[in-house]
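**Q** structure of the sequence below:
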Amino acid sequence: MHAPALSKTDAILPPRANRKVALLSILGFWAAYYVLNTIRMAIAGEDGQLLMLPKRAMVSVFGIALTLGLYALLRALEGRSVRVLLATAFAAAIPAAVAYGTCNYVVFHVMAPRETMMREMVHMQEKHVTVLSEITELAVSWYFFLAAWGVMYVALSYAARMALAERQAAQYRAQAQSAQLRALRYQINPHFLFNTLNSLSTMVLKGQNDEAEHMIGNLANFFRTSLTSDPAADQPLADEIEMQRLYLGIEQVRFPARLIVKVDVPEMLAPLPVPAMILQPLVENAIKHGVARSIQPVTITIRAHKQGAQLHLSVEDDAKAVSPAAPGGTGVGLTNVRERLAARFDGAASVSATHTAGGGFRVELAMPVPAMALVDG
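**A** You can find the predicted model right below:
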């Protein structure tokens, strides 16, 4: 339900490749070069291997320094497009490869060369191979590695951008869902308040001041409780039932002889979280289309039970005879509940509504039970 929060750094700085991964890739390659080249030369039986170890270490350290320079350049440009980063990696790899080829040549051919190396140099001279062409050949062979490393870094940078984009998208989805839940929740209270104020007006006109005073007290308690909760949050089932008791207490003032309330909720289900005020439209509908239109007393029953990984809540009225002049419903309440459950549980909840055999109406909600509640239960 909750998306990963974006830090202030995410909002200000461009996303960057993982520094640790990038640096380890540099060290890993040059360490592999050092070890593999040493093994290859030993297998080939080249002379003076002990003398070559420090020289190979020198060019490896120089290679690390060059790759770190390429890393610093690309990291400084990470706010730019991927195309710019790739072009920079390919372009910067050229002077880096030339520098490495020069270093490699100087270290192995100029600084205290071995006898075999001197023979190779004489052979090169006989073939009119210049120092420049040798360095160029070394640069070309190493260019592709340095460019490949640059492409790898750009890929890491792109992955970082995608990760940030996914976090932002998740946060925006969560914010949109929260806004939708709030909007749906706030559709309930104005409708209820309108009905209650109408009833209060009727009581005052009829001189039923005591009943009106009692209803005002219940109304104040109801709104004090409902307005202090987050419209997009869940609340324990026990609190949801208590809210409906408050509401039905208000309606019992309106229909003292016609409204009977029954609540069948096992104590073990009381702590389970449910969307706040999710039963309110269903109870309102039972009053409006059952109690208000009935000639005889009507019992409204609120039930809850757990079936596997689902919590089932139902609101049912047993109205048998209704006034033929009463208008039909618009379906706003049921639509509201369906949309709230769809937004909250992403399609994992359901709503079913049926007429009962005696003429009443029953609505049942099924929603997932949190995994922790399943373990505890």
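
**Q** where does this structure have its least confident helix or strand?
**A** In the chain, the helix or strand scored least confidently by mean pLDDT, DSSP states H and E is helix 8-12, which has a mean of 45.

**Q** now do the buried residues in the helix or strand that that one is followed by.
**A** Read in the C-terminal direction, the helix or strand following helix 8-12 is helix 19-44, with elements assigned using DSSP states H and E. Going by neighbour count (16 or more other C-beta atoms under 10 Å), the buried part of helix 19-44 is 22, 25-26, 29-30, 33-34, 41. Backbone N, C-alpha and C define where each C-beta goes, glycine included.

**Q** what average pLDDT does helix 19-44 get?
**A** Summarised as a single mean, pLDDT over helix 19-44 is 86.

**Q** packing partners for whichever helix or strand comes after that helix?
**A** Past helix 19-44, further along toward the C-terminus, the next helix or strand under DSSP H and E is helix 49-76. Using 3 or more C-beta pairs under 8 Å, 6 or more residues apart in numbering; DSSP states H and E as the contact test, the elements touching helix 49-76 are helix 19-44, helix 82-105, helix 131-186.

**Q** if you set the cut-off to 6 Å instead, what comes out?
**A** helix 19-44, helix 82-105 (3 or more C-beta pairs under 6 Å, 6 or more residues apart in numbering; DSSP states H and E).

**Q** between helix 19-44 and it, find me the angle.
**A** Between the axis of helix 49-76 and that of helix 19-44 there is an angle of 160 degrees, by axes from the mean of the first three to the mean of the last three C-alpha atoms, to 10 degrees.

**Q** mean confidence score for helix 49-76?
**A** In this model, helix 49-76 has a mean pLDDT of 88.

**Q** repeat that for stretch 236-256.
**A** Per-residue pLDDT over stretch 236-256 has a mean of 88.

**Q** which parts of that stretch are buried?
**A** Residues of stretch 236-256 classed as buried by neighbour count (16+ other C-beta under 10 Å): 237, 239-241, 243-244, 246-255.

**Q** quick one: residue 194 from residue 270, how far?
**A** Computed as C-beta to C-beta, to the nearest Å, the residue 194 to residue 270 distance reads 31 Å.

**Q** more neighbours: which of these two?
**A** residue 270 (15 against 10; other C-beta atoms under 10 Å).

**Q** please identify the helix or strand for the spatially closest residue to that one that is not a sequence neighbour.
**A** Taking C-beta to C-beta, 6 or more residues apart in numbering as the measure, residue 270 lies nearest to residue 238, with 3.8 Å between them; neighbours along the chain are not counted. For residue 238, the enclosing helix or strand under DSSP H and E is helix 237-254.

**Q** following the chain past that helix, name the next helix or strand.
**A** Tracing the chain past helix 237-254, the next element assigned as helix or strand by DSSP H and E is strand 259-264.

**Q** so how many other residues sit close to the closest residue to residue 253 other than its chain neighbours?
**A** Excluding the flanking residues, the one nearest residue 253 by C-beta to C-beta, 6+ apart is residue 215, at 4.5 Å. Taking other C-beta under 10 Å as the criterion, the count of residues near residue 215 is 21.

**Q** so how far is residue 294 from residue 215?
**A** In this structure, residue 215 lies at 20 Å from residue 294, with C-beta to C-beta as the measure.

**Q** equivalent analysis for residue 361, please.
**A** With distances taken as C-beta to C-beta, residue 361 is found 11 Å from residue 294.

**Q** which of these two has more residues huddled nearby?
**A** Comparing residue 361 with residue 294 by other C-beta under 10 Å, the one with more neighbours is residue 294, at 22 against 19.

**Q** tally of neighbours for the closest residue to that one other than its chain neighbours?
**A** For residue 294, ignoring the flanking residues on the chain, the nearest one in space by C-beta to C-beta, 6+ apart is residue 319 at 4.4 Å. Residue 319 is flanked by 24 other residues according to other C-beta under 10 Å.

**Q** can you tell me the SS state at residue 319?
**A** In the three-state summary, residue 319 is assigned as coil, counting by DSSP: H, G, I helix; E, B strand; the rest coil.

**Q** for the residue nearest to residue 273 when sequence neighbours are not counted, give its distance to residue 309.
**A** If the residues on either side of it in the chain are set aside, residue 273 comes closest to residue 234, at 3.7 Å by C-beta to C-beta, 6+ apart. Spatial separation of residue 234 from residue 309 under the definition C-beta to C-beta is 16 Å.

**Q** pick out whichever of the two has more residues nearby.
**A** Neighbours were tallied for residue 234 and for residue 309 using other C-beta under 10 Å; the higher tally belongs to residue 234 (18 against 13).

**Q** nearest residue to residue 42 other than its sequence neighbours?
**A** Leaving out its chain neighbours, the residue that sits closest to residue 42 by C-beta to C-beta, 6+ apart is residue 49, at 5.9 Å.

**Q** per-residue pLDDT, residue 317?
**A** The score at residue 317 is 94. That number is its pLDDT.

**Q** element containing residue 359?
**A** When elements are defined using DSSP H and E, residue 359 is found to belong to no helix and no strand.

**Q** what is the neighbour count of it?
**A** Close neighbours of residue 359, defined as other C-beta under 10 Å, add up to 14.

**Q** try residue 205
**A** Other residues lying near residue 205 total 9 when counted by other C-beta under 10 Å.

**Q** and if you look at residue 146?
**A** Here the count is done by other C-beta under 10 Å, and residue 146 has 24 residues near it.

**Q** what's the local residue count around residue 308?
**A** Neighbour count for residue 308, taken as other C-beta under 10 Å: 7.

**Q** low-confidence ranges in this protein?
**A** Per-residue confidence for the chain (pLDDT under 70) gives these ranges: 1-14, 45-48, 112-131, 169-170, 172-192, 226-232, 321-331, 371-377.

**Q** quick revisit: same list (the helices and strands packed on helix 49-76) but as a markdown table, adding distance to residue 209.
**A** Compiled in a markdown table, the helices and strands packed on helix 49-76 are given as follows (distance: least, C-beta to C-beta, whole Å):
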| stretch | distance to residue 209 |
| --- | --- |
| helix 19-44 | 74 |
| helix 82-105 | 75 |
